[in-house]
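**Q** Attaching a predicted model along with its sequence, questions to come.
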Amino acid sequence: MASSSGNDDDLTIPRAAINKMIKETLPNVRVANDARELVVNCCTEFIHLISSEANEICNKSEKKTISPEHVIQALESLGFGSYISEVKEVLQECKTVALKRRKASSRLENLGIPEEELLRQQQELFAKVRE
């Protein structure tokens, strides 16, 4: 795995993201700040563990890029096999969203209108709305 120029302590999940997940998962439960910090640290450590194992699997297969299959193999080898079906579902959702984005961007390209013209039209519409 590529090493960062900074300290490993700098690599954490944004607390706002963790707070949002906690609120969505446990809407009627109060969670102490030190417990939230512990969740952040656990999540960060889990990601480090899985990504390190996936990187080793990637290197053994003589690849340069960690693929979803490497991550799935890492989950299995580290004893997190029970997560694999859900991970595969999320992976499929991500692929579907990415495909929709690609189709949307290609539709924009197929309009035949230069990006500058579209931007000008957008600015005109904004100006009309402000009036």
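**A** Cool, the structure landed.

**Q** Just the pLDDT for Thr12.
**A** pLDDT recorded at Thr12 is 81.

**Q** Name the SS class of it, please.
**A** When states are read from DSSP: H, G, I helix; E, B strand; the rest coil, the local structure at Thr12 comes out as coil.

**Q** Against Arg101, how distant is the residue nearest the centre of the chain?
**A** Nearest residue to the geometric centre of the chain (Cα atoms, centre = their mean): Cys94, 9.1 Å. Separation of Cys94 from Arg101 (Cβ to Cβ, to the nearest Å): 11 Å. Where C-beta positions appear, they are placed from N, C-alpha and C, glycine not excepted.

**Q** which sections of this structure are below the confidence cut-off?
**A** Residues of the chain meeting the criterion pLDDT under 70: 1-10, 106-110.

**Q** Can you spell out the domain ranges of it, please?
**A** Following the TED database, the chain resolves into domains at 11-79, 82-130.

**Q** Now do the shortest one: distance from first to last residue.
**A** With Cα to Cα, to the nearest Å as the measure, domain 82-130 spans 53 Å from end to end.
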